Structure formats: C-alpha cells, structure tokens
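Enquirer: quick one: sequence plus predicted model below, questions after.
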Amino acid sequence: MKPVLVIRTGRAPDPIRGRHGDFPHWFRLAAGLRPSQLRVVDVEAGESLPAVAEVSGALITGSAAMVTERAAWSERTAGWIRHAMDAELPMFGVCYGHQLMAHALGGRVDYLPGGREIGTLPIELLPPAAHDPLVGAMPSQFRAHTTHEQSVLEAPPGAVVLARSARDPHHLLRYGPQALSVQFHPEFNAEVMRAYIRRKQQAMRSEGSDPHHVFRQVGATPIARRLLRMFARHHGMHHGARHA
C-alpha cells in the first residue's frame, strides 16, 4: 500500500516537542495509523515532495510561519496541492495546512481581525455540513483546540464552508470529494493545548485576553480529534493499521 504523506510545514516549539513529541507523531496518533504507513517530508527544511501518484493521501501540518510571507517552500507546496487536487488525492490540512490549501486554491489568507484565537473553543457546524459525507454525522456543536493568528478570510471559489467559531467564519472547508481542511487542531490533546497557552501567555495578555481563564477552559475534544481518524478510514488509509 502507498504511504500516507505528512507534509511537515513546521515543528512544535522545543519545550513542547521535548515533552509531547512533534507534529507527525500527533497526526499519526489522531489518524490511527502505524509509523510504517507514514512518509514525512519537511517542506520548511527544503525537502522535496514526492509525485502525487506515489502516496495514498496527504496530511498537511501547522507551522509557526505565515502563509502571507509567501516563502519559496510554501509556494512550492501550494503548487503541489494544486496538482494533488487535479489528481483527486485525499488531502487534509490543519491550521497552516488549512490556510495553505485555501491560498493554493484561490482563497485569501491574512491576520484574523481582533487578534489570535487560542484555547478550547466551541465550533458550530453550518447547514451544508448536514449533507457532507464525513462531517454530516457529527453533532452541530463541538469543542476544538485552536491557536492561530492568521486565518482564511475568503474561501476559495467552489469551496463549501462547513463550520465556524464565534470569531472565525471558515474553520472547516471542503474543496471536493477528497479534500478537507480545518483551522482548529484535531491532532492536539488537552496537555498540548495547555502547553501552547503557557507559551503564549505574555502575548495573550498584551492583546487583552486572560491566559488563566483560557487555560481553565481547556478540556478534552473527542469529537474534533475523531475527525482525522474518520478521514483516514473514509479514504481507505487504515488497511492493516492497528489503532494507536
């Protein structure tokens, strides 16, 4: 079976990585895949992406970078995403990956008005989600972990907006039968979310939010977390996989 590609667009900060692991590990656990099923390519470090035909699907991680910087590695990855869409490759983007997919396909990404969104927040499904083959069975509201400064401000032409938060209208986008992206972090567990809040507390205070209140609101997000596993199952990536 062809491997599942993890397009690594960044890495967790050193203190978080040292204690909790890093993005590919979190994605693997949330998707329920074996280590041997993954092919990790660090595009931020300049590694080359494989031909689309060599992989069974792609998971695109978050990053501390900004899509609006238009870094060469990021724009190359956007080109690869366009090829993958033409080939109808299953793709799932998260945070930076969500923004990069939207940017690659004609949407607009920039800073979220009002400052960063961080913490465990309610996500609301929108009416089109009821007919979606993957998220249609999910409850109309669920909690998810978030941490981002930029966001998708305009969805690409033809994309279907499936979910929003109170401040971000584009938390979950579908680009066709094979491709989805989310602004929230289904791969985070509660301890990882708390670690990010601890790391960002000074910036949060400077923006007028209360990190202690946000910290207290952190909790488990089983429905959001299930989304990656549902995606992997729906697209046949679980053949022979043991659940992690």
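Expert: Yep, that arrived.

Enquirer: got the contact list for the longest helix along the chain?
Expert: Secondary structure assigned by DSSP state H gives helix 190-206 as the longest helix of the chain. Among residues not part of helix 190-206, those counted as contacts by CB atoms under 8 Å, 6 or more residues apart in numbering are 12-13, 15-16, 19-20, 26, 116, 118-120, 145, 147, 185, 188, 210-211, 214-215, 218-221. C-beta here means a position set from N, CA and C on the backbone, and glycine is covered the same way.

Enquirer: and the spatially most central residue of the chain, what pLDDT?
Expert: Closest residue to the average C-alpha location of the chain: residue 94 at 1.0 Å, with CA atoms, centre = their mean. On the pLDDT scale, residue 94 is placed at 98.

Enquirer: how about it, what does it touch?
Expert: 27, 59-62, 181-182, 184-187.

Enquirer: let's see it at 7 Å
Expert: With contact set as CB atoms under 7 Å, 6 or more residues apart in numbering, residue 94 has these partners: 60-62, 182, 185-187.

Enquirer: before we move on, what about residue 81?
Expert: 91, 100-101, 104.

Enquirer: let's see that with 6 Å instead.
Expert: Contact analysis of residue 81 by CB atoms under 6 Å, 6 or more residues apart in numbering lists 101, 104.

Enquirer: and it, that's in a strand?
Expert: No. Counting by DSSP: H, G, I helix; E, B strand; the rest coil, one finds residue 81 to be helix, located in no strand.

Enquirer: number the residues from 36 up from this point.
Expert: Fine by me, first position is 36 from now on; the one you just mentioned is residue 116.

Enquirer: how close does residue 269 sit to residue 134?
Expert: 23 Å (CB to CB, to the nearest Å).

Enquirer: looking only at neighbour counts, state which of these two leads.
Expert: The neighbour comparison of residue 269 against residue 134 (other CB atoms under 10 Å) goes to residue 134, with 31 against 14.
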